[in-house]
Each structure stands twice: as structure tokens, then as C-alpha cells.
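Visitor: this one's sequence-less:
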């Protein structure tokens, strides 16, 4: 009987250990504060987009993945948790809620869409810069009990 050859078999039939180096994937945040800080870092890297979640949502002009484009504050929060600026998770929704309640007097209604719209309205004000959005996220993450803007 001829022994089968496998990458880990030696010529005399014994086996050896093979080290497999896998790329290290950054872990997703697990707390609201960590999510807000990670979103601040992502916005600082990619830039703030005013309008929809990302530019050219229907990919008519760009072929860059959505997670690599400039994005809104809500999209950045969603992206750091799920890896997709369009996918909502419970942690991302909680972070958007904490952020919305910290901005001004908060939204008029407490449902998720109103919380999201309140954050988007703040981020879409004319003249709003990426640095202002990053500063807001960092401030809310480090002092979540205060009203900030």
C-alpha cells in the first residue's frame, strides 16, 4: 500500500506540525463607548459624508466598497460594529441612541428612525466638518451622561 501524500507528511510517513499564519482581523467593539470611539477613528480616516450613508449608494459611478468610502456618522457607527455601513445591529442602534440623546435636547420621538434622523440632521448641517463629528463622538464616548451639543 502506497501512503497518501499530504503537505504535512514527511517522506518516511511521519507527520510534522505546520504553523499557519492567519491575518489578524481587528475585533469589533463590544460597548457603546468603544463603538463611538471606533466610529470616530473611522470617520477621521475616511471622512464625513453629508447626505445618505455613503456617496453613490447604488454604485453608478464608483466601484469602491461602501465600507471604504466617506460616510455619515450613523453609517460609521454601523460599519465599526458590523463591517457594513448599511447593516444595523443592536449595539449600533444603542450607540446611535446614546449619541442622539446627547445632542442638544434630543429628538422629539424616541423611536430608532427619529434617533437616527436627529444624528443625521446634526451631521448634515452646512459647514459641518469631519473634525467636529470626531470631536462629538469622542466627547460623548468619554462623558456619556452629559448633553454636549
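Guide: Ah, there it is. Small disclaimer: the values here were computed from a predicted structure and weren't measured.

Visitor: C-alpha only now, for contacts and for neighbours.
Guide: OK.

Visitor: Enumerate every residue touching residue 112.
Guide: Going by Cα atoms under 8 Å, 6 or more residues apart in numbering, residue 112 touches 93, 97.

Visitor: From residue 126, how far off is residue 80?
Guide: 25 Å (Cα to Cα, to the nearest Å).

Visitor: neighbour-wise, which of the two wins?
Guide: Each of residue 80 and residue 126 has its neighbours counted (other Cα atoms under 10 Å); residue 80 has more, 25 against 8.

Visitor: pretty sure that one contacts residue 31?
Guide: No: applying Cα atoms under 8 Å as the test, residue 80 and residue 31 come out as separate, 11.5 Å apart.

Visitor: what's the next secondary structure element after the longest helix along the chain?
Guide: Identified as the longest helix of the chain according to DSSP state H is helix 32-46. Counting by DSSP states H and E, the next helix or strand C-terminal to helix 32-46 is helix 73-82.

Visitor: what sits up against that next one?
Guide: 28-29, 35-36, 38-40, 42-43, 48, 53-54, 67, 84-89, 91-92, 95-96, 116, 119-120, 123, 133.

Visitor: Just the buried ones from those, in PyMOL syntax?
Guide: Those of these that count as buried under 16 or more other Cα atoms under 10 Å are selected in PyMOL with:
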select buried, resi 29+35+36+38+39+40+42+43+48+53+54+67+84+85+86+88+91+92+95+96+116+119+120+123+133
